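Student: attaching a predicted model along with its sequence, questions to come.
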Amino acid sequence: WSYARVSQVLRKLFPKVFHYLDTERPRNVSSSSQSAASQEEKPPWRLLNKSGQVLTVVDIACPTGTDLAKHKGRDKASVTDSHLWFG
């Protein structure tokens with residue numbers, strides 16, 4: 001899945017969270033052109049990695065389905081035993 005598809009699914013699963021993010025979070029836009037503003041806007045969510053009790057931001061600006069699979073937990077974990085963290 002692309003980042004856009006992952007975001008679409010997350011929006012469908014968590015509509016209230018994304019409604020809040022869309023209305024309350026500050027935007028990173030410049031006053032130059034519309035396309036430049038779109039490129040500078042930060043994604044509304046980030047993929048997190050959990051190690052012990054500490055969550056850290058994964059250094060991927062726009063995670064894809066492949067990135068989610070890499071950070072789901074143990075390599076051989078089933079879907080029900082997998083965990084993804086978002087911030």
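Tutor: Great, that's in hand.

Student: which stretches of the protein form helices?
Tutor: Along the chain, counting by DSSP state H, helices occupy 3-13, 15-24, 34-40, 65-70.

Student: so which of those helices is nearest L48?
Tutor: helix 65-70 (11.4 Å; Cβ to Cβ). C-beta here means a position set from N, CA and C on the backbone, and glycine is covered the same way.

Student: what packs against that closest one?
Tutor: When contacts are defined as 3 or more Cβ pairs under 8 Å, 6 or more residues apart in numbering; DSSP states H and E, helix 65-70 packs onto helix 3-13.

Student: output the helix it packs on as CSV, nothing but the C-alphas.
Tutor: C-alpha atoms of helix 3-13 as CSV (Å, rounded to 0.1, in the frame of the first residue of the first chain):
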residue,chain,number,x,y,z
TYR,A,3,1.2,6.2,2.1
ALA,A,4,-2.1,7.6,0.6
ARG,A,5,-3.8,4.3,0.9
VAL,A,6,-2.5,3.7,4.5
SER,A,7,-3.8,7.1,5.4
GLN,A,8,-7.2,6.4,3.8
VAL,A,9,-7.6,3.2,5.8
LEU,A,10,-6.5,4.9,9.0
ARG,A,11,-9.0,7.7,8.4
LYS,A,12,-11.8,5.2,7.9
LEU,A,13,-10.8,3.3,11.1
